[in-house]
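missing the sequence, but the structure's below:
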Ligand code: GLN
């Protein structure tokens, strides 16, 4: 295998338990390296068999994050983009399923020339080929690779073995291994405990990797003695024991890692120059985030609300938009199944703005429609995303146009008025994986619309993930009654944005704006939605 030119590689593994935040640590390291002028990309290798998370229920795996090139990926890629402000692609997320799929396709084609195809070397070679793919483009100084799951899992073994081989191939100063573990605090003993970390590091050694840097998640600061013990037992330098304290917000983590000199350690081990990072913009963002001068309440109506990861990018977009407005955004997650026409006023009474979330299937649809009716009639700022926009169209068609039985054919294939429907090219599709309208599409905005005001220009590109579309046969009728299509795909004529004319802020998007909001570029629609919510709050305050 050819040695990848130019790029240097950092591999991040995890142990002791899942959910320690490998994605945030990887993103923070990436951001700290980028702040020194290095070009960085982060990729995630997931050990599950699905080809991608596109077919996974959010209860299984949280949000499915979509890239510009239409890849359905792990939600950690969202963190990479939010922290680095750089787009990712299909190449940034690879699963065991994809690796096996590639190898089996080659085998069927006869590429292995009669050889027995085995985990080693064929699967590990395919993993390494994917490890090095982005580095070989010559675009990056450093490629950070996060290995999903925990060390010791049967399914992650081929990935760890490929990391071991990669180290050998890359040679000195081109490879760094970071291991993220947990240092639990035992209440009864009143002590932080290192044993689980020792075991995890030992497991990693058994699999052929000596970690260079140990990042230790902990709820309490690590005393020097404990750091020394970890260094001794885990066979790392004392200054390579990095403390990762629980933080009030994920956006604090780069600053905490900067204090612990994580990036300096990586730069030393990679023999890269150690310049001073420029963290001004990031600190400025944190300053605005932590010192809000105003506050708004936003209700998010969705069907996976008990699961915080299901709407990760929406939650983070509110953080970015809040900071941009120096406004604390209190998000209340409301299950759409609990809302109906009778209780909508009560349920949404403290909301200064309502976002109706994306989703699939029938559950909770009628609740979303009731919530939309209430905010439309009461002039409360509304933001509908994907299914949220489709529900706004259904609600308007039923209650303003009087089209009884208006529905999406996703819910009712025999709807009398299929205001949301499948396009011709979707009708023959039977496979579920990777077959929706996915990825970035152009959109042209109407002059003077709320969307135009938000973006400040007329030509935009946003990411999609849906099968159904607004049915253009109803466009003239809706527009005549005041619901305007203000964003149109220039190639297909499909409606991408719907707005209400007689309303302070009522915007529904067929695309997912939340996928493009970053710390450096808060999404303009979220920023203006929060502005509208602030304005609504001010005018609703009783005059004393
Ligand atoms: N279920 C709808 C569709 O497939 C909306 C999808 C979404 O909200 N992402 O068109």
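Received it, and whenever you're ready, just let me know what you need. Every value quoted in this text rests on a predicted model; they were computed, and no experiment measured them.

what about stretch 481-498, average pLDDT?
Stretch 481-498 carries an average pLDDT of 97.

That stretch close to the ligand?
No. Applying CB under 6 Å from any ligand atom, one finds stretch 481-498 out of contact with the ligand, separated by at least 11.5 Å. Every C-beta, even on glycine, is put in place using the N, C-alpha and C of the backbone.

in that stretch, what counts as buried?
For stretch 481-498, a neighbour-count test (16 or more other CB atoms under 10 Å) marks 481, 483-489, 494-498 as buried.

now stretch 425-442
For stretch 425-442, using 16+ other CB under 10 Å, the buried residues are 436-441.

name the element the residue of the stretch 151-300 of the chain found nearest the ligand belongs to?
Of all residues in the stretch 151-300 of the chain, the one sitting closest to the ligand is residue 300 (13.4 Å; CB to the nearest ligand atom). Element membership of residue 300, judged by DSSP states H and E, is strand 294-302.

What are the contacting residues of that strand?
The contact list for strand 294-302, computed with CB atoms under 8 Å, 6 or more residues apart in numbering, reads 310-311, 314, 318, 325-336, 339, 347-348, 350-359, 364, 367-368, 371, 388, 530, 533-534, 537.

Please list the residues of the chain that sit near the ligand.
358-360, 386-387, 410, 465-468.

Now neighbour count and secondary structure too, for those residues, in JSON lines please.
Shown next, in JSON lines, are those (neighbours: other CB atoms under 10 Å; DSSP: H, G, I helix; E, B strand; the rest coil):
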{"residue": "358", "neighbour count": "25", "secondary structure": "coil"}
{"residue": "359", "neighbour count": "24", "secondary structure": "coil"}
{"residue": "360", "neighbour count": "16", "secondary structure": "coil"}
{"residue": "386", "neighbour count": "23", "secondary structure": "coil"}
{"residue": "387", "neighbour count": "27", "secondary structure": "helix"}
{"residue": "410", "neighbour count": "20", "secondary structure": "coil"}
{"residue": "465", "neighbour count": "20", "secondary structure": "strand"}
{"residue": "466", "neighbour count": "20", "secondary structure": "strand"}
{"residue": "467", "neighbour count": "16", "secondary structure": "coil"}
{"residue": "468", "neighbour count": "22", "secondary structure": "strand"}
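
Point to the helix or strand of this structure where mean pLDDT is at its lowest.
helix 424-427 (a mean of 80; mean pLDDT, DSSP states H and E).

Can you name the element that comes right after the strand holding residue 300?
helix 312-324.

helices or strands up against that following helix?
With contacts taken as 3 or more CB pairs under 8 Å, 6 or more residues apart in numbering; DSSP states H and E, helix 312-324 sits against helix 76-84, helix 280-290, strand 327-335, helix 524-540.

Tell me which of those sits most buried.
helix 76-84 (a mean of 26; mean count of other CB atoms under 10 Å).

before we move on, back to that, roughly how far is the least confident helix or strand of the chain from the heart of the chain?
28 Å (CA atoms, centre = their mean, to the nearest Å).

can you list the residues that contact it?
Against helix 424-427 from outside (CB under 8 Å, 6+ apart): 435, 437, 467-468.

how near is the most centrally placed residue in the chain to residue 86?
With distances taken as CA atoms, centre = their mean, residue 78 lies nearest the centre of the chain, 2.8 Å away. Residue 78 sits 12 Å away from residue 86, going by CB to CB, to the nearest Å.

Kindly report the same for residue 334.
Taking CB to CB, one finds residue 334 at 34 Å from residue 86.

How about the backbone phi and psi for residue 381?
phi -50, psi 140 (degrees, to the nearest 10).

Would you mind measuring from it to residue 330?
15 Å.

Kindly reformat the helices and strands packed on helix 312-324 as a markdown table containing mean pLDDT and distance to residue 53.
Shown next, in a markdown table, are the helices and strands packed on helix 312-324 (pLDDT from 0 to 100; distance: least, CB to CB, whole Å):
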| stretch | mean pLDDT | distance to residue 53 |
| --- | --- | --- |
| helix 76-84 | 98 | 10 |
| helix 280-290 | 97 | 29 |
| strand 327-335 | 97 | 21 |
| helix 524-540 | 96 | 24 |
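
My guess is residue 192 contacts residue 182. True?
No. Because the distance of 10.2 Å does not satisfy CB atoms under 8 Å, residue 192 is recorded as not touching residue 182.

and for those two, which residues touch both?
In contact with both residue 192 and residue 182: residue 218, using CB under 8 Å, 6+ apart.

more crowded one of those two?
Per other CB atoms under 10 Å, whichever of residue 192 and residue 182 has more neighbours is residue 182, with 20 against 17.
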